[in-house]
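Colleague: sequence and predicted structure below; questions after.
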Amino acid sequence: MAKLVLWDIDHTLMSMRGLGGELWAVAFEEVTGVPLREQASVTGSTERVILRETAKLHDIPFSDELFARFADALGAVHLRRAAEVRERGHALPGAATVLAALDARGVRQSVVTGNVRTVAEVKLATFGLDTHLRLDDGAYGEDGEERPELLRAALARAGILTEDAVFLGDTPADVAGGHGAGVRVVAVATGKTSQAELQEAGAEAVLDGLADTEQAMAAIGI
């Protein structure tokens, strides 16, 4: 049985319905003084990578100091507009129920996400999804650039071996990241990627969503 379940956040547990991009643009302009003209591709990327590549598109030098200021600004704008997050976003069907069911079985859970930690905390708390998660065991956009790096960080924090963990995400990048860290992956086709594409990416199990709790628990290995 899996001892640790790690969750991606966006389009796996919840959706922001486009608000995330708007808040990102606000933070970018606050930190750089330059209006956002174009954002680098975000699918499967961490905030550090997205900022670095977006800064390049705007001829802005990237540095660790710039990322630190951006992370603070992005967290702050999510906190300021948490009510709007609640109004426009939503938890995906079944997400809260599966989290509760895993917790009831004594399974540790956390998140591995490209979001910076403050943003992840705001999103999860807004929809009550943080109740069953040990966020200190997770890994966030501050912890590295690539998904395998984040997964290894989370495993180290939790003190769990790769064979005892399962990662759930919604993109081929999540699948590749999980496998890069030696972790079994359950893919959820609740984002932009189809079930067929996730199967082709090599996920050990693919779900069409989390609404069927028993099906989700079985795929996770509980």
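Modeller: Great, that's in hand.
Colleague: domain ranges for this structure?
Modeller: Domain segmentation of the chain under automatic domain parsing yields 4-15+90-220, 19-86.
Colleague: just say which of those domains is most tucked in.
Modeller: Stretch with highest mean neighbour count among the domains of the chain: domain 4-15+90-220 (a mean of 20; mean count of other Cβ atoms under 10 Å). For every residue, glycine as well, the C-beta is placed using N, CA and C.
Colleague: how long is that one from one end to the other?
Modeller: From its first residue to its last, domain 4-15+90-220 covers 10 Å (Cα to Cα, to the nearest Å).
Colleague: now it, how far from the centre of its chain.
Modeller: Chain-centre distance of domain 4-15+90-220: 7 Å, with Cα atoms, centre = their mean, to the nearest Å.
Colleague: on that earlier part again, redo the domains of the chain as JSON lines? Include mean pLDDT.
Modeller: Formatted as JSON lines, the domains of the chain follow (pLDDT from 0 to 100):
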{"stretch": "domain 4-15+90-220", "mean pLDDT": "96"}
{"stretch": "domain 19-86", "mean pLDDT": "94"}
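Colleague: would you mind extracting the C-alpha trace of stretch 60-72 into CSV?
Modeller: Only the C-alpha atoms of stretch 60-72 are listed here, as CSV (Å, rounded to 0.1, in the frame of the first residue of the first chain):
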residue,chain,number,x,y,z
ILE,A,60,14.8,41.4,-18.6
PRO,A,61,17.8,39.8,-16.9
PHE,A,62,16.8,36.8,-14.6
SER,A,63,18.4,36.3,-11.2
ASP,A,64,17.6,34.5,-8.0
GLU,A,65,16.9,37.9,-6.4
LEU,A,66,14.3,38.6,-9.1
PHE,A,67,12.7,35.2,-8.6
ALA,A,68,12.6,35.8,-4.8
ARG,A,69,10.8,39.2,-5.2
PHE,A,70,8.4,37.7,-7.8
ALA,A,71,7.6,34.8,-5.5
ASP,A,72,6.7,37.2,-2.7
